[in-house]
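Asker: one predicted model, sequence on top.
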Protein chains: 2
Amino acid sequence: MAGVRLQDVADVAGVSMKTVSNVVRNYPHVSAKTRERVQRAIDELGYRPNAMGRRLATGKTGLLALAFANVAIPYFAELARVVSRVAEEFGYRVLLEETDATLEGERALMAGSEAGLVDGVIFQPSVMRSTEIARHRTDLPLVLIGETAAPLTVDRVMIDNVAAARDVTDLLIRAGRRRIGFVGHERPRLSETSRQRILGYQEALEAARITPDPALLFSSAEISAGGSVDAVGAAIDAGVRFDALVCRDDLAAIGALRALHERGVAVPDEVAVTGWDDISFSAVTFPSLTTVAPDLEALARRALELLVERVDGYGGAGRHEIVPYTVVVRESTP
Amino acid sequence: MAGVRLQDVADVAGVSMKTVSNVVRNYPHVSAKTRERVQRAIDELGYRPNAMGRRLATGKTGLLALAFANVAIPYFAELARVVSRVAEEFGYRVLLEETDATLEGERALMAGSEAGLVDGVIFQPSVMRSTEIARHRTDLPLVLIGETAAPLTVDRVMIDNVAAARDVTDLLIRAGRRRIGFVGHERPRLSETSRQRILGYQEALEAARITPDPALLFSSAEISAGGSVDAVGAAIDAGVRFDALVCRDDLAAIGALRALHERGVAVPDEVAVTGWDDISFSAVTFPSLTTVAPDLEALARRALELLVERVDGYGGAGRHEIVPYTVVVRESTP
DNA sequence: ATGAAAGCGCTAACAC
DNA sequence: GTGTTAGCGCTTTCAT
């Protein structure tokens, strides 16, 4: 039954709207028999509260926007799943917003044509600069996730990318590899994510007294497996020698695996490979991928907690938090 | 600036709310100079219309729910991306609803605790029966996608699964394969999707005078690559012989590829493999996958069109529509 | 414990 | 072309 209103229930039950509202929202001070009578009327009429009416009256929508480049990228899809599950625990539903990793997309998101649609935004920027983010929408609670340069005024949750990159590079060094490449960073302009990962990679090399070789940096035209098939393939064909590859993400690693396969290079015996994100595929590639596994559950939960505090009125400075990661060792490293 | 209302703009511009409303909504009959004056007030105050107020007044929310099992499954993620893009064209935003492929999840979706949150639902059921779907929420516009058994009262868009399964099986037969298995259907109970694909597979075999062999049906514990690694691996280890595998989806195909690799079986020379969905990974596996590619753009667009018609009041019988697919031939078949 | 009435911010008839 | 006046369905003081 559509169009059943609070007033209709009140009429049938012979009480006021207020009382029905109290019953619907489980307000404690309602006598048992009134509650029962009202409940019967609700069931009889098939009443369901109207979301918009409630939201207009309370000013809260129970909706939050989850914004990032593109759900079809497996890492984002898996992130969306975790955020959506955690959000449900917090009583929120998730509106999907894709920015296509373009400046226009990200600006449109931050500008937000309508007010009051969502209570807050969880956003992983791809290209926007810290200063530009800081200028926008101070009225809308916002939590950033990922490795973007975050303004001091905004909350942000991430893993320690530099440390994780150091860890996987170190794993390769301890296995005796010396010519270790890095695969999959963007060109022409590095994202902050890639910058941090390359930094950790370089730190690990230098700590082991290995001189980083710029010829072992294989950039990709886009964040995709295809881009890294081309990059790694071209390098091999050009005669570049390496015995390990630290990949920016699992997509790049999967592409690298394919390029190596095509040319009959054995993984991990001749070339070891590591990925990043621990997307579900990384367990079933051949060989399966050693990869950095961010604690997505912790990431999502912390982001939600910070966001809810902002929605509830917290107005302090930006909190920048780190959540854990692990390195999952599989077949692609010795 | 939060909390700027239509009335505030009207006061500053020295006009009525109605006029401001007309300007905001680009109502044509407003004099140029009035429009300009109002616009200046809007800019000055940083006014943005409040979504909830507008929605309450119009009864439309501009939101639609996209519901399916799990966004972390690549096919659904890619579907979400296309639906979200097409929805934007139609002036809608997308609320993500995951059912986890459970009956409770699907029932919760159909029951919908609140009215008025979304204008309609696009839903790919996993387990719910046609009759049960038909009983629910006649007030909320609903379009089903995928191969579920759809009630006659509800709109549905899908590709012709039987024909597509026939096509890929036929491709294998024409390449000279005779012992062709099917991989990845659920156990214990087959989904409608799997049922239709197995049907097409069987039809193609029979048309070629090959007797379908029940020993070549390799079911999987769940929709995942891991399930099919186990199923195909166990079959090989048990000595089952086959020279081709039609897989229920790309995930199953990727799992099959891994199981074959592990045991040193050459693809496609010894065993050919086909997938289904054409997820982006299928182009970069090794070997890359021959797969059924549903026209997602057409699927999403048609679903949106049907939904919008329902939202606009169409109340006729359910329309069941078919959209095209292609078979993308890659390296995993001869 | 329950009721009456005043909004929440906007749109839509209907006047002028 | 522009203003006035009711609502949309709900929550929320403030009474009782």
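Answerer: It's in. Numbers count the residues shown, from 1 in each chain, chains lettered A, B, ... in the order given.
Asker: mind showing which ranges of the stretch 1-150 of chain A have poor pLDDT?
Answerer: Low-confidence segments of the stretch 1-150 of chain A, defined by pLDDT under 70: A:1-2.
Asker: strands of that one, start to end?
Answerer: A:63-68, A:93-98, A:120-123, A:142-145 (DSSP state E, counting those that start in this stretch).
Asker: okay, now the sheet partners of the third one, with direction.
Answerer: Spelled out, it's strand A:120-123. Its sheet considered, strand A:120-123 pairs with strand A:63-68 (parallel), strand A:142-145 (parallel) by DSSP bridges.
Asker: of all these, which one comes closest to DNA strand C?
Answerer: strand A:63-68 (16.0 Å; C-beta to the nearest atom of the strand). To be clear about C-beta, it is placed using only N, CA and C from the backbone, and glycine gets the same treatment.
Asker: list the contacts of that closest one.
Answerer: Residues external to strand A:63-68 that are found in contact with it (C-beta atoms under 8 Å, 6 or more residues apart in numbering or on different chains): A:76, A:79-80, A:83-84, A:87, A:92-99, A:109, A:117-124, A:126, A:307, B:95.
Asker: sorry, back to before: so which of the strands paired with strand A:120-123 is the most packed in?
Answerer: strand A:142-145 (a mean of 26; mean count of other C-beta atoms under 10 Å in any protein chain shown).
Asker: just checking, next helix/strand downstream of that strand?
Answerer: strand A:155-159 (DSSP states H and E).
Asker: which residues are contacting that next one?
Answerer: With contact meaning C-beta under 8 Å, 6+ apart, strand A:155-159 is reached by A:142-148, A:150, A:292, A:294-295, A:299, A:302-303, A:306-307, A:310, A:318-325.
Asker: of the residues you listed, just the buried ones, PyMOL syntax please.
Answerer: Remark: buried members of those, expressed as a PyMOL selection using 16 or more other C-beta atoms under 10 Å in any protein chain shown:
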select buried, chain A and resi 142+143+144+145+146+147+148+150+292+294+295+299+302+303+306+307+310+318+319+323+325
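Asker: tell me the domain boundaries of chain A?
Answerer: A:6-48, A:63-159+A:295-325, A:161-293 (automatic domain parsing).
Asker: now distance to DNA strand C too, for the ones you listed, in CSV please.
Answerer: Formatted as CSV, those follow (distance: least, C-beta to the nearest atom of the strand, whole Å):
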stretch, distance to DNA strand C
domain A:6-48, 3
domain A:63-159+A:295-325, 7
domain A:161-293, 36
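Asker: and the helix or strand harbouring residue A:164, how far from the chain's centre?
Answerer: Taking DSSP H and E as the criterion, residue A:164 maps to helix A:161-174. Its chain's C-alpha centre and that of helix A:161-174 lie 22 Å apart, by C-alpha atoms, centre = their mean, to the nearest Å.
Asker: and it, what's buried?
Answerer: Buried, per 16+ other C-beta under 10 Å, within helix A:161-174: A:161, A:162, A:164, A:165, A:166, A:167, A:168, A:169, A:170, A:171, A:172, A:173.
Asker: can you tell which of the domains of chain A is closest to residue B:238?
Answerer: When the domains of chain A are compared by C-beta to C-beta, domain A:161-293 sits nearest residue B:238, at 20.7 Å.
Asker: at contact distance from chain B, anything in the closest one?
Answerer: Yes. Domain A:161-293 is in contact with chain B by C-beta under 8 Å from any C-beta of the partner chain, via A:224-226, A:229, A:254-255, A:257-258, A:261-262, A:280-281, A:283-286.
Asker: spatially, which two of the residues you listed are the most separated?
Answerer: Maximum distance among these (C-beta to C-beta): 23.9 Å, for A:262 and A:280.
Asker: higher neighbour count, these two?
Answerer: Comparing residue A:262 with residue A:280 by other C-beta atoms under 10 Å in any protein chain shown, the one with more neighbours is residue A:280, at 18 against 15.
Asker: any idea of the pLDDT on the more buried one?
Answerer: Residue A:280 carries a pLDDT score of 96 in this model.
Asker: tell me the contacts of it?
Answerer: A:74, A:78, B:72, B:224, B:225.
Asker: please redo it, this time with the cut-off set to 7 Å
Answerer: residue B:72 (C-beta atoms under 7 Å, 6 or more residues apart in numbering or on different chains).
Asker: any idea how far residue B:259 is from it?
Answerer: 17 Å (C-beta to C-beta, to the nearest Å).
Asker: just residue A:115 next, same as before
Answerer: 53 Å.
Asker: neighbour count winner among these two?
Answerer: residue B:259 (27 against 21).
Asker: quick check, that one in a helix?
Answerer: Yes. The assignment for residue B:259 by DSSP: H, G, I helix; E, B strand; the rest coil puts it in a helix.
Asker: identify the residue nearest the geometric centre of chain A.
Answerer: Central residue of chain A (C-alpha atoms, centre = their mean): residue A:79, 4.5 Å from the mean position.
Asker: how about the contacts made by it?
Answerer: Applying C-beta under 7 Å, 6+ apart, the residues near residue A:79 are residue A:296.
Asker: at 10 Å what do you get?
Answerer: A:66, A:68, A:71, A:73, A:122, A:124, A:145-146, A:277, A:294, A:296, A:299-300, A:303, B:71-72 (C-beta atoms under 10 Å, 6 or more residues apart in numbering or on different chains).
Asker: how far away is it from residue A:204?
Answerer: 26 Å.
Asker: ok, back up a step: okay, and which of the residues of domain A:161-293 next to chain B map to helices?
Answerer: Members of the residues of domain A:161-293 next to chain B lying in helices (criterion: DSSP state H): A:225, A:226, A:229, A:254, A:255, A:257, A:258, A:261, A:262.
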